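Engineer: whatever this is, show me its structure:
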Amino acid sequence: MNKTLYGIPNCDTVKKARTWLADNGQQFDFHDFKKQGLERATAAAWLEQLDWEVLVNRKGTTWRKLSDERRAAVASKADALELMLEFPSVIKRPVLAGAGPLAVGFSDAQYRQIFA
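Structural biologist: Below you'll find the model as predicted:
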């Protein structure tokens with residue numbers, strides 16, 4: 001299975017993950033979900049593997065800019081799916097698929113464990 005790193009190129013954490021993968025000889029495709037979009041099936045598959053609260057970045061700017069009513073309306077996997085499709089930048093980045101279990105976020109230790 002091909003490894004795909006999902007994110008946006010100007011995100012510092014995504015930049016670190018891309019650099020780590022390249023420096024460690026890992027072949028991967030980069031999917032910019034702001035420019036390329038995010039398919040419903042992909043986001044739904046992520047939500048089958050991880051809890052929506054892991055995938056939705058409630059500390060980020062996109063979440064904080066939502067109205068209180070909109071944030072309060074996100075209370076289930078289905079709600080999170082619609083939010084993620086409407087505002088892909090609300091997804092915690094990066095998302096790494098195809099290297100074992102779905103991985104969200106980046107740290108050197110996390111990636112060393114994934115690629116051990």
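
Engineer: tell me the mean pLDDT for the helix ranked longest in the chain?
Structural biologist: Assignment by DSSP state H gives helix 12-23 as the longest helix of the chain. The average pLDDT for helix 12-23 rounds to 97.

Engineer: tell me how far that helix lies from the chain's centre.
Structural biologist: Centroid separation for helix 12-23 versus its chain: 14 Å, with Cα atoms, centre = their mean, to the nearest Å.

Engineer: try stretch 75-91
Structural biologist: 11 Å.

Engineer: could you tell me which residues within that stretch count as buried?
Structural biologist: Buried residues in stretch 75-91, counted by 16 or more other Cβ atoms under 10 Å: 80, 81, 83, 84, 85, 87, 88, 89, 90, 91. (Each C-beta comes from the backbone N, C-alpha and C, glycine too.)

Engineer: tell me which other helices or strands whichever strand or helix holds residue 109 touches.
Structural biologist: With elements taken from DSSP states H and E, the one containing residue 109 is helix 108-114. If contacts are counted by 3 or more Cβ pairs under 8 Å, 6 or more residues apart in numbering; DSSP states H and E, helix 108-114 sits against helix 12-23, strand 103-104.
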